[in-house]
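Trainee: Fold the stuff below for me.
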Amino acid sequence: METLCIDIDGVVADSVNLMWKYFKDYFDVEPDMSKRTMEDAFNVTSDEINRVWKFYAKQIYGECSVVPGALRALQDLYQIFDIVLVTARFEKDKKITKKWLKREHIPYDSLYLVGREKHKSDLSLVKKCKYFIEDDILNAMDLAKNGVNVFLFRSNIEFQNIICVRNWNEIVKTILVKEKLDEPISSFENGVVNYTKM
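Mentor: Reported below is the predicted structural model:
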């Protein structure tokens with residue numbers, strides 16, 4: 001099977017919205033959502049963001065919900081791809097990440113926590129993946145520059161190797177077309193979705 005690499009936060013886990021809520025409550029200010037970084041959005045230093053993040057990270061990772069449409073899409077895509085989760089979370093977050101993935105019944109084959117010091121494109125397995133699903137524009141551009149086909153959530157950029165999407169339904173439909181597969185059968189038989197080649 002070919003490999004589908006997927007980011008977790010903002011793509012599978014709705015941790016980003018929960019994170020903004022916690023930070024908004026902590027700083028007691030309405031963030032400027034037009035800014036790219038949290039430091040700029042809240043007008044605080046990186047040290048302040050890191051301090052608050054360290055305090056709330058495990059809570060956010062443990063409490064967040066699944067992005068709408070992600071579970072069903074992943075169940076379908078798991079039938080035709082090896083799913084590799086590649087996240088900027090740190091290795092110390094592996095236990096809570098795996099616990100959340102299990103609790104939410106997220107299907108996957110392997111998990112890589114690369115932290116924030118490395119680029120996701122540095123992983124050799126990423127360079128071999130068929131598609132990468134990402135929500136961070138800089139990560140997406142880096143992956144695309146390295147020849148990876150990227151689905152980028154909630155963005156409008158035009159960039160080689162990047163397809164901008166609004167939701168999981170758009171991703172699944174695009175992959176079905178690109179892979180020349182029929183729509184998955186809507187009802188599961190024994191927990192398996194059946195696909196047929198066109």
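
Trainee: now Y56, nearest residue through space, not along the chain?
Mentor: Y22 (4.8 Å; Cβ to Cβ, 6 or more residues apart in numbering). Backbone N, C-alpha and C define where each C-beta goes, glycine included.

Trainee: ignore the last one, M141
Mentor: Nearest one to M141, counting by Cβ to Cβ, 6+ apart, is F159 at 6.0 Å.

Trainee: residues near the one you found, how many?
Mentor: 15 (other Cβ atoms under 10 Å).

Trainee: for the worst-scoring helix or strand of the chain on mean pLDDT, packing partners?
Mentor: Least confident helix or strand, the chain: helix 124-127 with a mean of 78, by mean pLDDT, DSSP states H and E. Applying 3 or more Cβ pairs under 8 Å, 6 or more residues apart in numbering; DSSP states H and E, one finds that helix 124-127 makes contact with strand 2-6.

Trainee: which element follows the strand it packs on toward the C-terminus?
Mentor: helix 15-27 (DSSP states H and E).

Trainee: What residues sit buried inside that following helix?
Mentor: S15, V16, L18, M19, W20, Y22, F23, F27 (16 or more other Cβ atoms under 10 Å).

Trainee: any chance of those residues in TSV, plus distance to K92?
Mentor: Formatted as TSV, the buried residues of helix 15-27 follow (distance: Cβ to Cβ, whole Å):
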residue	distance to K92
S15	16
V16	20
L18	19
M19	17
W20	22
Y22	19
F23	20
F27	25
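
Trainee: Any chance of a markdown table for those, columns distance to K54 and pLDDT?
Mentor: Below are the buried residues of helix 15-27 laid out as a markdown table (distance: Cβ to Cβ, whole Å; pLDDT from 0 to 100):
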| residue | distance to K54 | pLDDT |
| --- | --- | --- |
| S15 | 15 | 92 |
| V16 | 17 | 86 |
| L18 | 16 | 92 |
| M19 | 13 | 90 |
| W20 | 17 | 91 |
| Y22 | 12 | 93 |
| F23 | 12 | 94 |
| F27 | 15 | 94 |
